[in-house]
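Peer 1: Sequence first, then the predicted structure:
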Amino acid sequence: MAHTNQRAQGLLARLKLRHLRIVQALAELQTATKVAALFHISPAAVSKALLEAEAIVGMPLFLRQHEGMQPTEIGLHLIEGARLVLRQMERLAESVEAVQGGSHGHFSLSFRAASAYPLVSSAICAYRETAPEVRISVVEGGSSTWWHGSSRESWTCCSPTTTRAWTARICAGRP
């Protein structure tokens, strides 16, 4: 078991995202020329990256045929893993971008007067149009009641320009 783990760790240490991107693209496009055009690199660079990946794995990942490249059995496993890793990396990049752009996260709003409900509701609806991924906590009663109390009320807000609905919680205590 330790031997297998060491081999896997060695593979992970040497296999790079560029290898995974090349392998996945070769699986879809089947030629180094098409992959090179996709990534704006030379076909020789594609071939070099594939040879590096094959050397790291220790086995051929594709059969080179006149009609194009066909994945080997180990190639199919690497392609599936590459798809999963690259999909996760895309999600990570989107999350980082959302946080950097301020369209993701959490903020809390506190107010004291019940008469502010309509204004708060309108403001939150407008904000949700621009930042739908931001979690919003609304606390009635101001900062002095932030940690105390138990009165809770919920309402649903629907935007006239989208079909998205969300629920805000009004509470005299912690959300």
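Peer 2: Yes, it's here.

Peer 1: can you confirm Pro60 is in a helix?
Peer 2: No: looking at Pro60 with DSSP: H, G, I helix; E, B strand; the rest coil, it is coil, so not inside a helix.

Peer 1: give the contact list for it.
Peer 2: With contact taken as CB atoms under 8 Å, 6 or more residues apart in numbering, Pro60 is in contact with Glu54, Thr72, Ile74, Gly75. (Glycine included, C-beta is placed from N, CA and C.)

Peer 1: From those residues, keep the buried residues only.
Peer 2: Glu54, Thr72, Gly75 (16 or more other CB atoms under 10 Å).

Peer 1: could you measure the first one against Leu15, distance?
Peer 2: Going back to what we said before, that points to Glu54. 11 Å (CB to CB, to the nearest Å).

Peer 1: again, but for the last one
Peer 2: Taken as CB to CB, the spacing of Gly75 relative to Leu15 amounts to 13 Å.

Peer 1: The second one now?
Peer 2: For Thr72, the distance to Leu15 equals 16 Å [CB to CB].

Peer 1: Give me the mean pLDDT for stretch 97-111.
Peer 2: On average, the pLDDT along stretch 97-111 is 66.

Peer 1: Would you mark the buried spots in the helix or strand encompassing Met89?
Peer 2: Assigned by DSSP states H and E, Met89 belongs to helix 73-101. Within helix 73-101, the residues that count as buried by 16+ other CB under 10 Å are Gly75, Leu78, Ile79, Ala82, Leu86.
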